[in-house]
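Colleague: got a predicted structure plus its sequence, pasted below:
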Amino acid sequence: MLTCVRKRRLWLAAGLCLSAAAGAMAGGPTDTERVAAVKALFTVQRADLASCLVDPRDRTLGEALGMIPARLRELPGEVPDAQAQAIELAISAIKLLARPGKLAVVYDAGYPAGGFLGYGIVASVLLDGEDDARAIDGQVRGMLAQADLPVPPEDSLRFDGFKEVQLPPAGAVAFGARKAEDGWRFEIVAGSVDALAPVMAVFPAMKAEGMNPVMVATFDLSALTPLATFAQQMAGNDPQASNAIRAMTDAGLVGPDAARGRFEVGYTKTESVTRISIDNAKRHAQAWSLPTAVLTRADLAPIPADATFASVSKADLSALKRVMDEAAKAGADVEGALEHLKAETGVDLRADVLDTVGGTAILYTSEATGGGGLGSVAVLLSLKDRARFLEAHDKVVERARRHIAEDAGPRAKYVSIRSWDEGGVRMNQVAARGVPVPLELTYAVTDKWLVAGLIPQSVLAAVRQATAGNAGFADSPMLKGVWREDRPLTSIAAVNLRGFMRAGYPLMSLVGSAISRGVASPTSDRDPGMIVPLYADLTRVARPLVQVTYWTGDAYVAEVACERSVLACATAVLGVAAEVGPLIAGAAASRERRHGEEHHGLGIGDAGAWRLGLLRGLEPRWMLLSPLRLAAIGESWGPTVEARINGLVPVLPLADQR
């Protein structure tokens, strides 16, 4: 009898255990549920380095880069302090960078215990085989063993074969070699990740439309929503925190409708292509000031066909109105400033200026307007209401001249605000008088356009092109293949790289020589030879850089097509730096100098709130006195010319226009 009771108890206990196990299995997350719980904030995957150097002009560069490990291994025999272990670690790092890799930042709602508030990071590199993966794993373990950590690396409980170490502030970091479906990988994991399979599932296929991709990335800012929610909870009833999160939500940075999209880089048979698409941009178009109107060939007519750089887009000044509205919400006295401006000039900035200008914006340099350099810059803004704009313009001119005559003092003699007729075009100019300032800000108004430039020659040529009635830049060879029915364009920008490559080639040759001589062996015949091709060979194709933006459904897409050759693109970049760099450096230096003199040297009072942000542009004294800063040049020459010339630009044109 007792035996039967014991048997029944054993069977009952076994049944309870099985039931508990079944319940636990039924209640635990399935593989599908684990994958669904992982949300990717950011992913990027790239091909190996060799796939990025596809153009024949880059062949020797690729060979030279491949010689770096061999050159590093020679250093211990040449440099007394060179440590072999450190060099091997450097070689392994180069190998990791050269091989295909993946990186993901994810939020795992099902595993918040790993730190980072539920967020985790996974870095994974595909290696040649198990030996390479194990070797790198061993190097990292050896390095950490010598690092004298408070807690040495331990076997990971999350990932078989991995080690885990506490590395503040990251917390627990796991690393190791793993055999994946596509081969052996070395991987590093930090934060809230308890399984690699769900993370690897968030990576999209390495594919891109119309190109062979070498990099594919994705982003989904809605994955930041749990972090924003946590911040809100920590802030409690703080209204500033609530307003900040609300603003971020409206801007598409957090929340269920936050921006998400894709970034792709790759090659076609003739060019390199970079493309970024924001899948849900339509709902944020107004907040982001994205153009929605479509360009036509007629919009490119004001640009000369020989333009060396051209940018045209659908745009207006409504974004400035939104900036003013946001500033007012933040507590700035925008309405007070607007009323003060209207009282001084009779101009309603919103109605008389912002609502009368815009629709299409153009910026270009060309041979026709001044040889293609900086002096040939022309800026064109289309006019919505020419008559109202000119009426406001005349009011500002009248007030500025009255102020100069009555209040500006003796320095006014150094300022020239004038108008004249040139070949049937009414030219207007704000410039220095009696001092050799090499700048004459000039503008004119046609029936459709406000045209401005740095010199009168560029403005006159731009006006003639805008009124010529020909196709202009629409027929430029630079835009070959750009117009397609399947992508109505909202903006186009094109750069003729050949001119910049001319300026950058000497610098690129020096860089190529440095790489070549650096990897050549002093003890063997290893030598890559000439890395940078002859100028004629490098520039034989010299495809222009062309960027377009367009809508496809709710997605906003920006696409850039350029040279296939990395060396050709780098040469053009160096050319831009050679031509524009000194100007940027000079402007930065002059700004620093001007910061200490701006108020005390020009008689416009001590620093006030209007100097900052939007209110600076709305301050009538700034609008009217800005040209008078040229007058100070008459009292001090040399570097101060640079420092003060930046004040030449008035907010509104300051010359007669009829």
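Modeller: That came through fine.
Colleague: need the three-state assignment for A572.
Modeller: Assigned by DSSP: H, G, I helix; E, B strand; the rest coil, the conformation of A572 is helix.
Colleague: what's the answer for A104, then?
Modeller: The three-state label given to A104 by three-state DSSP is strand.
Colleague: for it, name its beta-bridge partners.
Modeller: T43, V122 (DSSP bridges).
Colleague: and the gap between it and E187?
Modeller: 11 Å (C-beta to C-beta, to the nearest Å). In this view, the C-beta of every residue, glycine as well, is placed from N, C-alpha and C.
Colleague: quick one: what helix or strand has P533 in it?
Modeller: For P533, there is no enclosing helix or strand under DSSP states H and E.
Colleague: isn't it right next to D58, touching?
Modeller: No - in this structure P533 lies outside contact range of D58 using C-beta atoms under 8 Å: 9.2 Å.
Colleague: now list whatever residues contact both of the two.
Modeller: By C-beta atoms under 8 Å, 6 or more residues apart in numbering, P533 and D58 have these common neighbours: L567.
Colleague: what do A104 and E187 both touch?
Modeller: By C-beta under 8 Å, 6+ apart, the residues touching both A104 and E187 are V122.
Colleague: average pLDDT for stretch 274-287?
Modeller: Mean per-residue pLDDT for stretch 274-287: 92.
Colleague: straight-line length of that stretch, end to end?
Modeller: 25 Å (C-alpha to C-alpha, to the nearest Å).
Colleague: neighbours of the closest residue to L574 other than its chain neighbours, just the number please.
Modeller: In space, L574 comes closest to G504 once its chain neighbours are excluded; the distance is 3.5 Å by C-beta to C-beta, 6 or more residues apart in numbering. As a burial measure, G504 scores 23 neighbours (other C-beta atoms under 10 Å).
Colleague: just checking, G504 touches A572?
Modeller: Yes - applying C-beta under 8 Å as the test, G504 and A572 come out as touching, 6.0 Å apart.
Colleague: how about the backbone phi and psi for A251?
Modeller: phi -80, psi 0 (degrees, to the nearest 10).
Colleague: again, but for the one 5 residues further on
Modeller: Its backbone dihedrals place P256 at phi -60, psi -20, with angles given as degrees, to the nearest 10.
Colleague: please tell me I have it right and it contacts L221.
Modeller: No - with contact defined as C-beta under 8 Å, P256 does not reach L221; the gap is 10.5 Å.
Colleague: these two - which one has more neighbours?
Modeller: Taking neighbours as other C-beta under 10 Å, P256 and L221 compare with L221 leading, 20 against 7.
Colleague: could you find the closest non-adjacent residue to the more buried one?
Modeller: Leaving aside its sequence neighbours, L221 sits nearest to A258 (C-beta to C-beta, 6+ apart; 3.8 Å).
Colleague: isn't that neighbour up against D220?
Modeller: Yes - between A258 and D220 there is a contact under C-beta under 8 Å: 7.4 Å.
Colleague: all helices for the stretch 1-150 of the chain, in order.
Modeller: Using DSSP state H, counting those that start in this stretch, the helices of the stretch 1-150 of the chain run over 2-27, 31-37, 59-66, 68-74, 84-98, 130-145.
Colleague: least reliable of these going by mean pLDDT?
Modeller: Looking at those, the weakest mean confidence is helix 2-27, a mean of 37.
Colleague: tell me, how many residues neighbour E391?
Modeller: 14.
Colleague: again, but for the one 4 residues further on
Modeller: Here the neighbour count serves as a burial measure; for K395 (other C-beta under 10 Å) it reads 17.
Colleague: in a helix, it, correct?
Modeller: Yes - remark: K395 belongs to a helix, assigned using three-state DSSP.
Colleague: quick one: contacts for it?
Modeller: Counting by C-beta under 8 Å, 6+ apart, K395 has contacts 345-347.
Colleague: list only buried entries from those residues.
Modeller: 345, 347 (16 or more other C-beta atoms under 10 Å).
Colleague: now the contacts of K395 as TSV including secondary structure?
Modeller: Formatted as TSV, those follow (three-state DSSP):
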residue	secondary structure
T345	helix
G346	coil
V347	coil
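Colleague: tell me the one of the contacts of K395 nearest G210?
Modeller: Relative to G210, the closest of the contacts of K395 is V347; by C-beta to C-beta it sits at 49.3 Å.
Colleague: please work out how many residues are found near the nearest residue to that closest one once chain neighbours are set aside.
Modeller: Distance criterion C-beta to C-beta, 6+ apart; nearest residue to V347, sequence neighbours excluded, is A392 at 4.6 Å. Using other C-beta under 10 Å, A392 has 23 neighbouring residues.
Colleague: what's the answer for A197, then?
Modeller: So A197, with other C-beta under 10 Å, has 12 neighbours.
Colleague: helix, strand or coil: sort out it for me.
Modeller: With three-state DSSP as the criterion, A197 reads helix.
Colleague: where does pLDDT dip in the stretch 301-450 of the chain?
Modeller: 407-408 (pLDDT under 70).
Colleague: try 90
Modeller: Within the stretch 301-450 of the chain, the ranges that satisfy pLDDT under 90 run 315-334, 337, 340-345, 353, 358-359, 367-376, 393-439.
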